[in-house]
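**Student:** here is the input, now give the coordinates:
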Amino acid sequence: MGGHLTIKDTPAKKSLRQNHILDLDEFSKSDIEVIFDNTDSMMEVLNRGIRKVPALRGKTVITLFFEASTRTRVSFEQAGKILSADVINVSSDGSSNKKGESLYNTALTLQAMKADAIVIRHQHSGAGYFLAQQMQSTSIINAGDGMHAHPTQSLLDLYTIKKHLGNIQSKKVVIVGDLLYSRVARSNLWGLTTMGADIVLCGPNTLLPQDFLDQRIDDVSHPFKNITIENDLNKALNGADVVMALRLQSERQKAGHLPSLREYSRKFGISSERLKLARSEAIVMHPGPMNEGVEIEPDVAHGPQSVIESQVTTGVAIRMAILYDLITGTNSEKEL
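**Tutor:** Alright, predicted model coming up:
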């Protein structure tokens, strides 16, 4: 097949209402479904023999990472390059941040260079929001800010669930592990709630985000009102459709959260024996990187119910759809 994908005469889908992707708290179900529809087209591109289309030729995407990353940074780079954008990678070690330049001035510099989109990962919560407030013509994509949010990871998780289970509505999704420091978990709470999943959170009391969850107690209209918290992993896994293990965020944790890694693994590690409590068709997910033998056993991580590698592939397609939509203001049915 040639360099263009022409979708047949179907009604054009709406593009995103947002100029930036910062978190999923302002996304409606229809917003998420727009991304899903556009991701379908991008998956078709990924499955071609030659994975290159001219959709973003002449556009510039800058990845600005102040924290280490493999999956997110590389998938954004790959997404941009498949769409023929010029992708420039900037790390904290290679930027003027080392010389004392502020994040604000770094962003203004990149905007002055006519960047069409900046993908930022930063150790401080709210960094992406701060940049978005300063930008006049550049879209900001939050690739993870502190312990606050990781919206594109959540979107790829949602798409993966839909792809493997057919839908998300009423599916029992059990999220296990470090819920206090996980930005993935926080974004997934918004995304999964919006899509109608039944959410169960399971982890040590010391790693539950009480400040985040307690808001729902006195607010009957709070979106997280129906989330279940369960400290017993066996009870949590009973009848689960999706089991999502989270990495212990040791780089953010303070002392005293856990007696030992061995004790944590004994109580909250996902093993093949425990997985039998979930539904037979349940899928196992992990945002990566994994600490095998701690939050998840190797035979589960690489077993028949694992869709972890599928998440990685989906991440490229999701980020292609987001870049295309934000930069062009249209959806991916136009021409690829």
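
**Student:** contacts, neighbours, all on C-alpha from now
**Tutor:** Fine.

**Student:** ok now stretch 27-40, how far from the chain's centre?
**Tutor:** Centroid separation between stretch 27-40 and its chain, computed with Cα atoms, centre = their mean, to the nearest Å, is 14 Å.

**Student:** then stretch 144-152?
**Tutor:** With Cα atoms, centre = their mean as the basis, stretch 144-152 stands 8 Å off its chain's centre.

**Student:** which residues touch it?
**Tutor:** 21-24, 120-128, 142-143, 180-184, 186-188, 315, 318-319 (Cα atoms under 8 Å, 6 or more residues apart in numbering).

**Student:** quick one: buried ones out of those residues?
**Tutor:** With burial judged by 16 or more other Cα atoms under 10 Å, the buried subset of those is 21-24, 120-123, 125-128, 142-143, 180-184, 186-188, 315, 318-319.

**Student:** of the residues you listed, which belong to helices?
**Tutor:** Mapping the buried ones among the contacts of stretch 144-152 onto helices (DSSP state H) picks out Ala127, Gly128, Arg183, Val184, Arg186, Ser187, Asn188, Gly315, Ile318, Arg319.

**Student:** so how far is Arg266 from the fourth one?
**Tutor:** Think Val184. Distance, Val184 to Arg266, using Cα to Cα, to the nearest Å: 23 Å.

**Student:** now Ile21
**Tutor:** Computed as Cα to Cα, the Ile21 to Arg266 distance reads 37 Å.

**Student:** just checking, His167 touches Tyr159?
**Tutor:** I think there's a mix-up here, since residue 167 is Asn and not His. No: here Asn167 lies out of contact with Tyr159, judged by Cα atoms under 8 Å, at a distance of 9.1 Å.

**Student:** those two - which one has more neighbours?
**Tutor:** Counted by other Cα atoms under 10 Å, Asn167 and Tyr159 do not tie: Tyr159 has more neighbours, with 26 against 16.

**Student:** that one in helix, strand or coil?
**Tutor:** Three-state assignment for Tyr159 (DSSP: H, G, I helix; E, B strand; the rest coil): helix.

**Student:** name the nearest residue to it, sequence neighbours excluded.
**Tutor:** Distances taken as Cα to Cα, 6 or more residues apart in numbering place Phe36 nearest to Tyr159, at 6.5 Å, with adjacent residues excluded.

**Student:** now the one you found: which helix or strand?
**Tutor:** Assigned by DSSP states H and E, Phe36 belongs to helix 29-46.

**Student:** for the record, mean pLDDT for that helix?
**Tutor:** pLDDT averaged over helix 29-46 equals 96, rounded to a whole number.

**Student:** buried ones in that helix?
**Tutor:** Buried positions in helix 29-46, judged by neighbour count with 16+ other Cα under 10 Å: 31-32, 34-43, 45-46.

**Student:** quick one: which of the residues you listed is nearest Leu248?
**Tutor:** Leu248 has its nearest neighbour among the buried residues of helix 29-46 in Ile32, at 27.9 Å by Cα to Cα.
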